[in-house]
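*Asks:* here are the coordinates; sequence isn't available:
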Ligand code: SF4
């Protein structure tokens, strides 16, 4: 029996841990078992052609791949009506009636996959007693016998899910590793809230697999929903990583910041080199009423304090969710500005999604929610935000992405946040950009042209804003760009400064701007200098320094 474990990843660089684990657990008893990954960008026809000669094809289903996965499954069944299609994963584990009733879907595994998959493979085709398997009987009736079974993670002792990958390829991928399953919190918009018992893999296995990824991978992302639940475990893992760390590697963790133990903060400050760890921190909202309404606990003051203590060492990726119950326009503005003030490396503004199985989906009528019935089930409107307001925040989010997260106008936006409302600025900039350019097809020049014109139309009297924008523009080109926006100092003074400071004009090109006190406060190490010099090598991003 030939069985394929497969999935459609969102991007080529992603890897799927689930199919590797299922393969590792079952390969010895089932010689016909294999695994293969595709991406959602590949054509359903080419994926179906690869899969068509298997007896059973199993797909790992998520919110990002369910639509193309269903297209592939339908096509597969048309090409080979004898083939059996089995689906598993979070996107098919809840409200699965419409999915199992599709004529091209034969089986669904609900919930954690290890026990049902092993039973399925061992018993096929007599699978009616397999726990947590949804299937259709001879009369085409849907049958499901739910059983409360939890896989003992000790069974992963000695198993390395990446042992079948070409080690050389792991450097080019995001390598996922789990040390635990479950989350102690109960946020009602999140599927992890349904599994509150935190269970750990055997520590020796975690360490040996982590060591393997440290040696062969580069970007290592921990899937644990709250990595820092246990103080000692967290410090032990951080120490293990630092002991074996290879230069160039990056380690990403999902952290609940307000419970980061002071010992962990101390450990990081004393031991972790800058740029090696990245923390993803879901803040979601600063509005405590909205937090409580979705059963979410968070102390934003503590969260902010921890971020401030660590953000010179750790790259911070902060998330907010737009659309939570009780969060109105002004609340979202307040949350956004409070979080922006922390200057995270990345601020992701997500929109509430009504994931199958989540309590917020079950209760959506209570708050007047309307959401897209298709994945990713994104909010359309609610009692707290109109459809128009949500569209406006989408434009803000696009501007945030271009100007802050892509680091095109970091100094400009820090200044905006100090002097104006950065929420209003990005909103209006998003509206402006959308009316004249295309957020999905634009050049780097468009980015600055839009920002400059927007500033001239709305903040004409603010020379500091124009100066910071001009410098951000100059800092975002590897090769010295055409002089645009505010002018450089005059040519003779520039030549004099280059000569006096022995700047190597054979190897580098320079832009020199006069820097006032406001400008100095947004650039490091310029306090004593009158001029800011941007130095271009032509190959790397430029650097800057001050001269007098
Ligand atoms: S949002 Fe984060 S903290 Fe809340 S349940 Fe989900 S994983 Fe846990």
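*Replies:* Cool, the structure landed. None of these values were measured; they are calculated from a predicted model.
*Asks:* Every contact and neighbour count from this point should use C-alpha atoms.
*Replies:* OK.
*Asks:* buried residues in the strand or helix carrying residue 466?
*Replies:* Element membership of residue 466, judged by DSSP states H and E, is helix 463-475. Taking 16 or more other Cα atoms under 10 Å as the neighbour-count basis, helix 463-475 is seen to contain the buried residues 464-475.
*Asks:* And the residues you listed, which is closest to residue 547?
*Replies:* Closest approach between the buried residues of helix 463-475 and residue 547, by Cα to Cα: residue 471, at 15.5 Å.
*Asks:* ok now do that closest one, which residues does it touch?
*Replies:* Applying Cα atoms under 8 Å, 6 or more residues apart in numbering to residue 471 gives no contacts.
*Asks:* go with 10 Å
*Replies:* Contacts for residue 471 (Cα atoms under 10 Å, 6 or more residues apart in numbering) come out as 409, 411-412, 485-486, 511-513, 515, 519, 532-534, 544.
*Asks:* Likewise for residue 538?
*Replies:* 477-480, 507-509.
*Asks:* Quick check, pLDDT for it.
*Replies:* Looking at residue 538, its pLDDT reads 94.
*Asks:* Same question for residue 189.
*Replies:* At residue 189, pLDDT is 97.
*Asks:* neighbours of it, just the number please.
*Replies:* Neighbourhood size, residue 189 [other Cα atoms under 10 Å]: 21.
*Asks:* So it is in contact with residue 358, correct?
*Replies:* Yes: using Cα atoms under 10 Å, residue 189 is in contact with residue 358, at 5.6 Å.
*Asks:* Can you tell me the SS state at the residue of the chain most remote from its centre?
*Replies:* Distance from the C-alpha centroid of the chain, by Cα atoms, centre = their mean, peaks at residue 492 (48.9 Å). Following DSSP: H, G, I helix; E, B strand; the rest coil, we place residue 492 in the helix state.
*Asks:* Could you report the distance from it to residue 515?
*Replies:* Counting by Cα to Cα, to the nearest Å, the gap from residue 492 to residue 515 is 18 Å.
*Asks:* Dump the buried residues of helix 463-475 to CSV, plus pLDDT.
*Replies:* As requested, the buried residues of helix 463-475 are exported to CSV (pLDDT from 0 to 100):
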residue, pLDDT
464, 97
465, 98
466, 97
467, 97
468, 97
469, 97
470, 97
471, 97
472, 97
473, 97
474, 97
475, 97
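*Asks:* can I get the residues you listed in a markdown table with distance to the ligand?
*Replies:* As requested, the buried residues of helix 463-475 are exported to a markdown table (distance: Cα to the nearest ligand atom, whole Å):
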| residue | distance to the ligand |
| --- | --- |
| 464 | 40 |
| 465 | 37 |
| 466 | 39 |
| 467 | 40 |
| 468 | 37 |
| 469 | 36 |
| 470 | 39 |
| 471 | 38 |
| 472 | 35 |
| 473 | 37 |
| 474 | 39 |
| 475 | 36 |
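*Asks:* what's the farthest-apart pair in the residues you listed?
*Replies:* Using Cα to Cα, the two most remote members of these are 464 and 475, lying 16.4 Å apart.
*Asks:* Now do the same contact list for the residue farthest from the centre of the chain.
*Replies:* Under the criterion of Cα under 10 Å, 6+ apart, the neighbours of residue 492 are residue 498.
*Asks:* Can we start the residue count at 821 from this point?
*Replies:* Yep, numbering from 821; the last one is residue 1312 now.
*Asks:* quick revisit: possible to save the buried residues of helix 1283-1295 as TSV with distance to residue 1265?
*Replies:* Below are the buried residues of helix 1283-1295 laid out as TSV (distance: Cα to Cα, whole Å):
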residue	distance to residue 1265
1284	21
1285	18
1286	16
1287	17
1288	16
1289	13
1290	12
1291	14
1292	12
1293	9
1294	11
1295	13
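*Asks:* mind checking how far the residue lying closest to residue 822 once chain neighbours are set aside is from the ligand?
*Replies:* Using Cα to Cα, 6 or more residues apart in numbering and skipping the chain neighbours, the partner closest in space to residue 822 is residue 852 (4.4 Å). Noted for residue 852: a distance of 36 Å to the ligand, by Cα to the nearest ligand atom, to the nearest Å.
*Asks:* Then residue 1189?
*Replies:* Per Cα to the nearest ligand atom, residue 1189 is found 20 Å from the ligand.
*Asks:* again with residue 1345
*Replies:* Counting by Cα to the nearest ligand atom, the gap from residue 1345 to the ligand is 38 Å.
*Asks:* Could you check how many residues crowd around that residue?
*Replies:* When neighbours are counted by other Cα under 10 Å, residue 1345 registers 12.
*Asks:* which SS state does it fall under?
*Replies:* Secondary structure, three-state DSSP: residue 1345 is coil.
*Asks:* Of the contacts of residue 1291, keep whichever come out buried.
*Replies:* Burial by neighbour count, 16+ other Cα under 10 Å: within the contacts of residue 1291 this picks out 1229, 1231-1232, 1305, 1331-1333, 1335, 1339, 1352-1354, 1364.
*Asks:* Same list (these) but as JSON lines, adding distance to residue 1139, secondary structure and pLDDT.
*Replies:* Formatted as JSON lines, the buried ones among the contacts of residue 1291 follow (distance: Cα to Cα, whole Å; DSSP: H, G, I helix; E, B strand; the rest coil; pLDDT from 0 to 100):
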{"residue": "1229", "distance to residue 1139": "20", "secondary structure": "coil", "pLDDT": "98"}
{"residue": "1231", "distance to residue 1139": "21", "secondary structure": "helix", "pLDDT": "98"}
{"residue": "1232", "distance to residue 1139": "22", "secondary structure": "helix", "pLDDT": "98"}
{"residue": "1305", "distance to residue 1139": "33", "secondary structure": "coil", "pLDDT": "95"}
{"residue": "1331", "distance to residue 1139": "36", "secondary structure": "strand", "pLDDT": "97"}
{"residue": "1332", "distance to residue 1139": "37", "secondary structure": "strand", "pLDDT": "97"}
{"residue": "1333", "distance to residue 1139": "36", "secondary structure": "strand", "pLDDT": "96"}
{"residue": "1335", "distance to residue 1139": "34", "secondary structure": "coil", "pLDDT": "92"}
{"residue": "1339", "distance to residue 1139": "29", "secondary structure": "helix", "pLDDT": "94"}
{"residue": "1352", "distance to residue 1139": "34", "secondary structure": "strand", "pLDDT": "96"}
{"residue": "1353", "distance to residue 1139": "35", "secondary structure": "strand", "pLDDT": "97"}
{"residue": "1354", "distance to residue 1139": "33", "secondary structure": "strand", "pLDDT": "97"}
{"residue": "1364", "distance to residue 1139": "31", "secondary structure": "strand", "pLDDT": "96"}
